[in-house]
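Quick one, fold the following:
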Amino acid sequence: MAVIGLDDTDSRTRGMCTTYVAVQVARALERETTGSVERILLVRLNPAVEFKTRGNAALAIHLAADNGDVNSGTLETLTETAYEVTREVLEELAVVDDERTNPGFVVAGHEPDETPAAVSRFAVDAITSHLTIEDAVSLADEHGYRHWGAGNGRGRIGAMAAVGAWAALEDWTYECISYRNADRWGTDRDVDLETVFVAADQGYPTVWDTVDREEGEGVCVPHTPGPILYGIRGDDPEAVEAVANAIESEPVVERQLFVTNQGTDAHLGESLERFDRVRDGHAYRLTGWVSSEPTTRRGGHVFFGFTDSRTTADSPTTLTCAAFEPTKRFRDRVRALEVGDRLTVCGEVSDGTVKLEKFAVRDLVTTEPVTPTCPSCGRRMKSAGRNQGYRCRDCDTSTESKVERPLERDLEAGWYEVPPCARRHIAKPLIRGGFDAPTHPER
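The predicted structure follows:
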């Protein structure tokens, strides 16, 4: 078997899509070799990487030798032909006139399950951390992989990660992508949203993030220029294909099922309860306490302080958590937080700010300190002076401190998430389950 990884063929401004390029490579491989495509992986890498285009996706094509014949001569021929075919397709389709597009691919001559441990670790690092072109090239050379790059060849980083992903990851989902005619690329998409919503209801919860019901948005339909008409995601291949088939739209010229790490939270690295190890450009699960009241700033973004200790004696590290305007109603969940609430938050860290993707309420503050009332007259007491408690000037009654009053809360224990319209490709929707507390899914 041969594994062909490829990445960085599209452009933020001029369209194209690496998934489409991978499909064209797969079709060409089946025409030009004696092999057959067993599967195509769509691997989302670290969403915080500076040089990503849009979704930071790399692709891997698993090409099986005909009749399972894997003798050395056949394998060498298969990998050599795969190299030539892949290069030809990338040279034709990659948007190399965009200076930010630096395509690359890697061809490995082994079973996906037999990927060397170092290559599997590379895949995990590419999803959770940052790597260099030199890292990818040296690793490919070390294992005898053939590789190619245009421009600076940065695409070989994602290509190597895609090669190692199958052996590195355990949680996989599916996406069925429908492509439009090339003469329609860059024009408005003609998709009947009513049929999208009906199909989404029929497929839910196995099929998720197809629409955002509160916003009335078809999440599965992209807005960027390029070949994708719509993409349907879920946990079952037959279910995502059924939803895709039920949508009415302009002509679908091609359709492909991908195996993917979308919706898995694979990008979340360490779970930390001490924040001094937090680094920009990485994503974490962080458990701590709300340390400042949520405030809404210009643009509708909501921020609050988050600390890893409730006492200053422990030398706490404090971060800022943010729910940005595109997260819509999720911001109301954040605004409902109180100082002292204990949370687990998930998200990427940038400039010391956690960009919230979801959070779990672990413990809620249920009371608040208030000035006591006089037990005789019922009036609010006044301060008797610094550190002298409170007293009623009319009745001469006194008390040493404030009293606790029950606090009504709009939140419950458990997980809350951004809505589908704001979800990152790789972030795990609550509806998929497997969380350590009750969930409150968004639809």
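
Give me the buried positions along stretch 111-127.
Neighbour-count burial for stretch 111-127, counted by 16 or more other Cβ atoms under 10 Å, picks out 112, 115, 116, 119, 120, 122, 123, 124, 125, 126, 127. For glycine as for every other residue, the C-beta is placed from the backbone atoms N, C-alpha and C.

Which ones among these map onto helices?
Among these, the members falling in helices (DSSP state H) are 119, 120, 122, 123, 124, 125, 126, 127.

Now do stretch 110-130: distance to the chain's middle.
From the chain centre to the centre of stretch 110-130 is a distance of 19 Å (Cα atoms, centre = their mean, to the nearest Å).

Out of the buried residues of stretch 111-127, the closest to residue 315 would be?
Sorting these by distance to residue 315 puts residue 125 at the head of the list, at 30.5 Å, by Cβ to Cβ.

what's that closest one in contact with, if anything?
When contacts are counted by Cβ atoms under 8 Å, 6 or more residues apart in numbering, residue 125 touches 131, 161.

what's the distance between it and residue 5?
Summarising the geometry, the distance separating residue 125 from residue 5, computed by Cβ to Cβ, to the nearest Å, is 15 Å.

Also residue 29?
If you go by Cβ to Cβ, the gap between residue 29 and residue 5 works out to 13 Å.

hey, what's in contact with both of these two?
Here residue 29 and residue 5 have residue 61 as joint contacts, going by Cβ under 8 Å, 6+ apart.

Comparing these two, which residue is more hemmed in?
Just comparing residue 29 and residue 5: by other Cβ atoms under 10 Å the higher neighbour count belongs to residue 5, 34 against 22.

my guess is residue 361 is in a helix, correct?
No - assessed with DSSP: H, G, I helix; E, B strand; the rest coil, residue 361 is strand; it does not lie in a helix.

Pretty sure it sits against residue 410.
No - proximity of residue 361 to residue 410 does not meet the contact threshold set by Cβ atoms under 8 Å, at 11.0 Å.

Mind checking which of those two has more residues around it?
In terms of neighbours (other Cβ under 10 Å), residue 361 is the more surrounded of residue 361 and residue 410; the figures are 22 against 9.

what ranges do the helices span in the chain?
For the chain, the helices identified by DSSP H occupy 18-32, 72-93, 117-128, 133-142, 155-168, 193-203, 237-246, 330-335, in order along the chain.

Can you tell me which of the ones you listed is packed in deepest?
Per residue and on average, the most neighbours among the helices of the chain fall to helix 155-168, with a mean of 29 (mean count of other Cβ atoms under 10 Å).

Quick one: residues contacting residue 298.
Taking Cβ under 8 Å, 6+ apart, we find residue 298 in contact with no residue.

Next one: it relative to residue 356, how far apart?
From residue 298 over to residue 356 the distance is 18 Å, taken as Cβ to Cβ.

on that earlier part again, so which of the ones in helices among the buried residues of stretch 111-127 would you say is closest to residue 223?
Within these, distances to residue 223 taken as Cβ to Cβ reach their minimum at residue 127, with 25.4 Å.

Next one, pLDDT for the closest one please.
Reading off the confidence values, residue 127 has pLDDT 97.

Kindly report the same for residue 15.
Each residue has a pLDDT score; the one for residue 15 is 67.

Likewise for residue 357?
pLDDT for residue 357: 98.

Check the burial of it by counting its neighbours.
Using other Cβ under 10 Å, residue 357 has 25 neighbouring residues.

Could you double-check that it sits in contact with residue 416?
No - when contacts are counted by Cβ under 8 Å, residue 357 is not listed as touching residue 416 (10.4 Å).

Point out where this structure drops to low pLDDT.
Along the chain, segments meeting pLDDT under 70 span 12-15, 52-54, 67-73, 313.

And the strands in the stretch 201-350 of the chain?
For the stretch 201-350 of the chain, the strands defined by DSSP state E, counting those that start in this stretch occupy 207-208, 228-234, 254-260, 268-272, 283-290, 295-296, 302-307, 318-323, 342-350.

Format the buried residues of stretch 111-127 as JSON lines; extra columns: distance to residue 256.
Rendered in JSON lines, the data for the buried residues of stretch 111-127 read as follows (distance: Cβ to Cβ, whole Å):
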{"residue": "112", "distance to residue 256": "18"}
{"residue": "115", "distance to residue 256": "23"}
{"residue": "116", "distance to residue 256": "28"}
{"residue": "119", "distance to residue 256": "25"}
{"residue": "120", "distance to residue 256": "25"}
{"residue": "122", "distance to residue 256": "26"}
{"residue": "123", "distance to residue 256": "22"}
{"residue": "124", "distance to residue 256": "26"}
{"residue": "125", "distance to residue 256": "28"}
{"residue": "126", "distance to residue 256": "23"}
{"residue": "127", "distance to residue 256": "22"}
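
Report the separation between residue 178 and residue 161.
Remark: distance between residue 178 and residue 161 (Cβ to Cβ) = 26 Å.
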